[in-house]
Structure formats: structure tokens, C-alpha cells
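**Student:** coords below, sequence missing:
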């Protein structure tokens, strides 16, 4: 079956499954992406020929994203397919990273869930895992995602074909890099204004001062004589970057991963906090953005573990010490970041014993 772009499609109508073969390797991925998965599957289910892709209005196209397309397609594909229904569509470039778009819809849905499992781990557990740990966690997350979604045939296929997991893992790893990239971009944009950086020789000394003793994590003005050391991680840039990257947008991370925002105060469980790992990661991004200005002019660097693991580790250790030595101060700081970033806190319940004591139970009206 030929499409107008010359892409060869294979359809297994008995399972309504879809795969796009790599025979037409000269076709760029950008054209493959134009295929609306739900249109192809609908045609497969009704045995109709596929002659074109659906044209959406500008508003519809803006509102529809990859997740919407996958959700629509899943309604046409049974979840209990056998392991033999799945294949990997190789990259058009030999040795290149697989393209997600032409993979089976179950694989795409599984990777979507795996993205969130890995992202939650990055934000709440360890933002800079080493290469071995990251690979093991990514591959186990893919397998767990398939099991969670009820794709037993796919999970069995993964378990018996570890090479498939190895091929799919870089797609998930790309999303980790994308998260860091988004964070660094937000930091780069906000740091200049918050820290009053302008190109010139004076900026060298300014950046050096901010980096000294992690001064940039305190609520200070440039070159301030007395740094309020009792207010670590309260520089407004930290909450601003958290808000920009994690609390804003059509589908914010904070909404998807609401469970990571927990209180460490047993007396105030309703007062949610930003996780330690997230604060350390954001602070490291600020460190990276300042380093880009260390020569007086802007020289961007990659926000990678190889370059900034030491800074991240320093923030983690610092936050752990604050939490251990002053739990109440730690809670107030992290809860303050949560509320400033855009999280809401329900009103604290009144003293229940006092309220109960005020009720006149004996003289209540009865029928």
C-alpha cells in the first residue's frame, strides 16, 4: 500500500496493528511524522485505502500533541496482543537512534509511561545518575511501563529480547537530556536579570563572588557585604526557575508528578515541599548559567553530569545537612519554594477538639 509520500506501510488488520517499514530509507523522518496514526489505524480497522493524511485546522493542530494522537490510536488496538505482533522499526540512518513516531502504538505508549517514570526519578531521587545506573533504570522502567499498561505480550517480548530494550533506551535518554536542556534555557534567561549581569570585566568578579560559598543560593544583591546565611536556597531565582520549568505549560510536570511534592513535617503534612533533588538540580543549573559568564562575556556550556556533577553533589550534601540539623527550617524553606513556584496549600484545619467541645449535642432538635 503506497501513500502519497511514497512510504510503504504494512498493516496487520487482524490485530489492527501498525508498523512502518524502513524500506524507503530515503524518506526523511519529518514526513513520517506527518502521518496521523489514528487515521492509519481507522483505515486498517475498516479496510479502507489510505490516500492522504487528515488536514486539521490551525487551532486543532495547536491543541493536538503526540499524547493525544497515541490516546486516539489506543482505542482501536487491543491491549492483549501476542509478542509476535511487535517489531522494531530501525533508524533510517545506520547506527542512529530509533525514531519514536513509526514504532508500534503500544511501544510508543509504553515509552510515554517510561518517560514519566524516569522523569520522576530524576526530579525526586537522583538528577545525575551515572551511566550504568541510568541505563539499568531506563531499561527496567520500559519493562515496568509495559507491565503497568497491561501489554503482557509486549512485556514478554522485551523480557526475551534485551537487545530491544537496549535499542529503545536512547529514546528515553533523549527525554532526560531534553529536561536538562529546558532547565538550562530557563536558567540562562532568568539569571541575567536576577543577578544583574552585563557583559564586561566587572562581571568576572561578580560571577566569582556569586559562586563563592554558593552565594547565589541566598537572597542577596550583587557584592552584598553581609550574606544572610540563615536563608539558604531562598534566592528568588530558584523559585522562578522551578515555576517556569515545572509548574507552567499545558501539561506541567508538577501536575503529572504531584506525588513527589510531600511534606517532611509530621505536624504539617498538608504543607507540600519541593523535593531536595529538584532544588539541587535547579541550583546547579543556576551555577552553570553563572559559569557561562565567568569570562565577562557569555560562553554557553552543556549542562551535563561530566561538567556539573560536583556542583550538584555539593548542593545535595548541603541540603541534607540543613534537613538533618534544622528540620523545621528545612521544611519552611522547601514549602516556601513550593508556594512561590505556584503550588497551592489547603488551609490548615482548625483545632478540632475545640470545635467539638462547642457543639451542644444534648439540646439538638429531634423529630
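**Tutor:** That came through fine. On a predicted model such as this, the values are computed, not experimentally measured, just so you know. Numbers count the residues shown, from 1 in each chain.
**Student:** low-confidence regions, this protein specifically.
**Tutor:** For the chain, the stretches with pLDDT under 70 are 1-66, 75-76, 343-367.
**Student:** tell me the domain boundaries of it?
**Tutor:** Domain segmentation of the chain under automatic domain parsing yields 9-178, 195-341.
**Student:** can you give me the strands for this protein?
**Tutor:** According to DSSP state E, the chain carries its strands in the segments 9-12, 17-20.
**Student:** quick one: the domains of the chain as a markdown table, columns for distance to residue 186 too.
**Tutor:** Yep, even glycine has a C-beta here, placed from its N, CA and C like the rest. Shown next, in a markdown table, are the domains of the chain (distance: least, CB to CB, whole Å):
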| stretch | distance to residue 186 |
| --- | --- |
| domain 9-178 | 13 |
| domain 195-341 | 5 |
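**Student:** point to the residue nearest the middle of the chain.
**Tutor:** residue 119 (4.4 Å; CA atoms, centre = their mean).
**Student:** separation between it and residue 194?
**Tutor:** Counting by CB to CB, to the nearest Å, the separation of residue 119 from residue 194 is 26 Å.
**Student:** returning to that earlier point: what is the burial count for the residue lying closest to the residue nearest to the centre of the chain once chain neighbours are set aside?
**Tutor:** Excluding the flanking residues, the one nearest residue 119 by CB to CB, 6 or more residues apart in numbering is residue 179, at 6.2 Å. Counted with other CB atoms under 10 Å, residues neighbouring residue 179 total 20.
**Student:** ditto for residue 313
**Tutor:** Neighbouring residues of residue 313 were enumerated by other CB under 10 Å; the total is 13.
**Student:** could you do the one 4 residues further on as well?
**Tutor:** Around residue 317 there are 11 other residues, counting by other CB under 10 Å.
**Student:** let me see the contact set for it.
**Tutor:** Shown in contact with residue 317 (CB atoms under 8 Å, 6 or more residues apart in numbering): no residues.
**Student:** if you set the cut-off to 10 Å instead, what comes out?
**Tutor:** The contact partners of residue 317, by CB atoms under 10 Å, 6 or more residues apart in numbering, come to residue 280.
**Student:** and what of residue 83?
**Tutor:** 151, 152, 153, 154, 155, 156, 157, 158, 159, 160, 161.
**Student:** many thanks, I have nothing further to ask.
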